[in-house]
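1. just a sequence and a predicted model for now, questions to come.
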Amino acid sequence: MYKLVVLAALVAVARAGVISAGYAAPHAIAAPAYAAAPAYAAAAAPIEYDPNPHYSFEYSVSDAHTGDQKAQHETREGDVVQGSYSLVEPDGSVRTVEYTADPHNGFNAVVHRQAGAHPAPIAVAKVPAPVAYAAAPAYAAAPAYGYKHLG
């Protein structure tokens, strides 16, 4: 009989599965314990370094609705960067900035300004002049009423 009880207990444990160390019975108040996050053995891949980088880009915007007009272009060859950008100022002039940057001279910029046409005047809604009204007629003072307390 003893062997039958031990065998039944082993079958019950096997069917229940593995019980974790953090298991708490449903009526218990303690929260389950969770294992720490796994440590990754491999480090992040090193960032590749380009000893002689090259690029070139340009863009421009010409928005008739907002009046926004600007442009830029830039090139890089190794450690030398050259470029320029331009934009239309609110007074209609065009500002252009030409720049270079390198390890020996640092960043240098030259600013040019071309006078331009003033922007079109903004239409302003006309408001009619205020209407003059005649002075209000003078009325006689209202009669004063009195009352007597009967109590």
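-> Alright, I've got the coordinates.
2. just the strands from the protein, written as ranges.
-> 54-63, 68-77, 80-88, 94-102, 106-114 (DSSP state E).
3. neighbouring contacts of the last one?
-> Outside of strand 106-114, the residues within contact range by Cβ atoms under 8 Å, 6 or more residues apart in numbering are E89, S93, V94, R95, T96, V97, E98, Y99, T100, A101. Placement of C-beta: from N, CA and C, glycine included.
4. distance of the fourth one from H104?
-> What it means is R95. Distance of R95 to H104, computed by Cβ to Cβ, to the nearest Å: 27 Å.
5. more crowded one of these two?
-> The neighbour comparison of R95 against H104 (other Cβ atoms under 10 Å) goes to R95, with 15 against 6.
6. test my guess that the more buried one contacts K70.
-> No - at 9.6 Å, R95 and K70 do not qualify as touching, with contact defined as Cβ atoms under 8 Å.
7. which residues do these two both contact?
-> S86, L87.
8. great, nothing more from me.
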